[in-house]
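# Sequence first, predicted model second:
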Amino acid sequence: MKRTLLLAGLAAALALPARAEIVEQTLGNGLKVIVKTDRRAPVVVSQVWYRAGSMDESYGATGVAHVLEHMMFKGTKEVPAGEFSKRIAAAGGRENAFTSRDHTAYFQTLQKDRLELALKLEADRMANLILSPDEFAKEINVVMEERRMRTEDNPQAKLYEAMMATAWQAHPYRHPVIGWMDDLKNMGVADARQWYERWYAPNNATLVVAGDVDPKQVMVWAEQYFGPIPARALPVRKVQQEPAQPGTKQVTVKAPAKLPVVALAWHAPRLSDPDKERDPYALEILAGVLDGHASARLNQSLVRERRLATDAGAGYDGIARGPALFYAEATPAEGKTVAEVQAALKAEIDRIAREGVSETELARVKAQVLAGQVFQQDSLFYQAMQIGEWTTAGLDYRDRDTRYARLREVSAADVQAVAAKYLVDDRLTVAVLDPQPLPEGQPQFQRNLMGAGHVR
Amino acid sequence: MSAKTLFAGLLALLLTSAAWAGLNIQQWTTPQGARVFFVENHDLPMLDLSADFPAGSARDTRATSGLANLTRHLMSLGAGPYSEKDIAEKLADVGAQMSGRLDGDRAGFTLRTLSGKSERDAALALLTAVLTAPRFDIDILEREKARVIAAIQEAAIQPETIGAKAFQQALYGDHPYALDDSGEEDSVKSLTRAQLADFHRTHYRAAGMVLSIMGDVTRAEAEALASQMAAGLPAGDAPPPIAPVPVRDKGGELVIPHHATQSHLFMGLPGLKRVDPDYFPLHVGNYVLGGGGFDSRLTETIRQKKGLAYSVYSYFIPMAEQGPFQIGLQTRRDATREAVESARAELARYLQDGPSEAELAQAKNNLIGGFPLRIDSNKKILEYLAVIGFYNLPLDWLDAYSAKVAAVTREDVLRAFQARVKPAAMSTVIVGGQLEKPAQ
């Protein structure tokens, strides 16, 4: 949800194909199956990605993609409510799901010889989900608790939510993934059912399997379990362009907190053509120059040298179905104002736009990219995750290597150029957390019975 | 599914994991007394390493609370010939990642680097300087104290952190496990450079160091780097063990009013040591109660059946002395009492009857069947090396894991839970609102 650090963002883009074999096949019903072999441990990761996230929702039904994700564990005719998790657990597996703006994905990690179970269960709930009003009525309460925990009582999350709703005027990225509380309160099982019927089709999904498996056998199982599910016509996806921004936008969020936060977000391009585009790569490198390590520009200047802020950072992630943002944020130190810190953040950006970056800084960021490319191979889950993200974003996962080559070609002049081009006031949204003290006169009652012998 | 088929499944799992067991951990002690735990693996051109010391926050007192944390933090902000800027830049130049960690028992650093000689040597030289020659620059100390204090002040407003802190104090009273890792505003303010330097000299000694190494180096290379690192550390004995947690027979309930939309519940007591005869009965038994996610009773009742919480769990944190047993959840304000009573009822029922045979089999199937997932990456293996080393667990701890889990019986679980989780001794902390007034 938060800004993506450079290393994480870049690592997501890179892989060393020399070590790993990737096989891809599309079934007759449109399901894309991608298998990556990695035999370091006797383990397999299975992920089913649906190209349906909160960006596909409409007003009045925000949050439904995520609610359906919860409902996917509530049973089919063959596998009653709760049984999916029980069966995976009995096989020693770990499983869960996640919903983002762009997609909804379900995953299991298992011993290598348990893969068939996961595929069978996923295929079953792709086609046969029962959406009962009773289960829905309970689960919508769980989702509202999730929203309270993640957002309502979390000042930073509220700030982020407000910033998104401000930066995007028309694009559905303005809605929070978890949905607005009011929409959750008004949501019914019919909304979930409509969502399921619209988007949960094999021709809108990708199965990614990574681990110590035989790709041929995986394809046989994929055909056996997913193959019989018929393809369905998908709703037309209309292009949703964000209108040009005529000037800086500003939003303030008051919430109980001690420290203010100032967050800046500029409209920036996503990666859509990994071979031809240059700007998204230069923006990634720019984020690294600003915040790639503890002595990168923002921390070094704002936190360490000038002591204006207790924290400062920047980030950019161009792998998405919709348009991107470039972020910078800082927490003012005691006695420093939001205005001072905001000005200092912008001054650092402007300095790069004016003077560029050094060759040393550039080389340093690229060294981290190179290392990250090796390190990410330690996680099987992450490897599957990248393939799923790229595919769902409409990119070809094979271009992860192209991207690596392009990142290495980024010059100091490229970095300077994107700072000057994109990080300008007419693309900017400023979001400020205005900290409020806890309400006065609170203790209605407080009893402390520690050691007083009262026991319940 | 009957208990019988579950058991058959369990046997099959035992066989598959047994066929694959056997992580070859090499162990030795350097001449200076540092203990080294090493797994050689050349699959990926990278090296993971951790250096841990008995230098956690339980070494603080109320007056010095935050000293252990600040010492560890400052060590990486200037050491030997390197300024704080040098350290960050030189790590980034070779793509290495160094981070610190600290809890009640342990403090230390982890390092991840490419294993090529030039990258590796550069990264290890930096870590060695950080461990052996921290500068504790006064100016940086003052800056970092201000940052820590800002974080402490922020934590004093948010319900989750308010509750976690009150819970820790309720459980541990005067024992140092009660101390917040970050310290208190007044104690952090008072800390001096001399205190940090002294803490480093007395707690970061070779005799207490556990060095864990995982990845692409040979035994000879690992030996050389371990000796080089240990040679520069302060001399002297390792610090004494942490005092036992006093036995307590009385708990209580603390309600802290808060405006938040959710109430936060914390319930528990000091429960489990890392080396403890009841480790496996409690580990397996807790899976059924609240450790097994959607497979656990707490989630089944409070989330699935009643829709009262998104997150509800129970866990033991095994530590050098008795770490906490904790049940936790968050729920909307007006459901606070219902959720608290539901959690208590589930616990009471579990303490009465223990797990069923089917539940126990399910827990074992998951823990044993999922064993390969615990060690499927260099990073995870490094963490096990560090724990095995720091807590003096047997070198075959991982190899023996599945058999120990399999051996746990219902009676073991019930007896261990009844012995450790005494409702009368439990503390409850609720941060939030809309509870009925207490009966007078």
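Sure, I can see it.
# ok, and the closest residue to chain B within chain A, which helix or strand is that part of?
Proximity of chain A to chain B (CB to the nearest CB) peaks at residue A:92, 2.0 Å away. Yep, even glycine has a C-beta here, placed from its N, CA and C like the rest. Using DSSP states H and E, residue A:92 falls within no helix or strand.
# got a list of what it touches?
By CB atoms under 8 Å, 6 or more residues apart in numbering or on different chains, residue A:92 lies in contact with A:110-111, A:114, B:13, B:365-373.
# So which of those sit within helices?
B:13, B:365, B:366, B:367, B:368, B:369, B:371, B:372, B:373 (DSSP state H).
# hang on, the last one packs against residue A:109?
Yes - under the contact definition of CB atoms under 8 Å, residue B:373 touches residue A:109, with a separation of 5.7 Å.
# Quick check: neighbours shared by the two?
Joint contacts of residue B:373 and residue A:109 (CB under 8 Å, 6+ apart) are A:43, A:94.
# tally of neighbours for residue B:186?
12 (other CB atoms under 10 Å in any protein chain shown).
# what pLDDT does it get?
Note on residue B:186: pLDDT of 98.
# In three-state terms, label it for me.
Following DSSP: H, G, I helix; E, B strand; the rest coil, residue B:186 is assigned to helix.
# Give me the residues contacting stretch A:177-197.
A:1, A:52-54, A:57, A:60-68, A:71, A:99-101, A:129, A:131-133, A:136-137, A:140, A:143-144, A:146-147, A:150-152.
# Keep these, but drop any that are not near chain B.
Filtering the contacts of stretch A:177-197 for proximity to chain B by CB under 8 Å from any CB of the partner chain leaves A:137, A:140, A:143, A:144, A:146, A:152.
# Which positions within the helix or strand hosting residue B:118 qualify as buried?
Secondary structure assignment for residue B:118, by DSSP H and E: helix B:117-132. Neighbour counts over helix B:117-132 (16 or more other CB atoms under 10 Å in any protein chain shown) mark B:119, B:120, B:122, B:123, B:124, B:126, B:127, B:128, B:129, B:130, B:131, B:132 as buried.
# Check stretch B:242-259 too.
Counting neighbours by 16+ other CB under 10 Å, the buried set in stretch B:242-259 is B:242, B:245, B:248, B:250, B:251, B:252, B:253, B:254, B:255, B:256, B:257, B:258.
# from the residues you listed, which is closest to chain A?
Nearest to chain A, judged by CB to the nearest CB, of the buried residues of stretch B:242-259 is residue B:252 at 3.7 Å.
# so what's the closest one bridging to?
residue B:427 (DSSP bridges).
# Assess the claim that it and residue B:429 are in contact.
No - judged on CB under 8 Å, residue B:252 makes no contact with residue B:429 at a distance of 9.6 Å.
# shared neighbours of these two, anything?
residue B:170.
# Once you drop chain neighbours, what's closest to residue B:419?
Nearest non-adjacent residue to residue B:419, counting by CB to CB, 6 or more residues apart in numbering or on different chains: residue B:278, 7.0 Å away.
# Tell me the pLDDT of the one you found.
Residue-level pLDDT assigned to residue B:278 equals 97.
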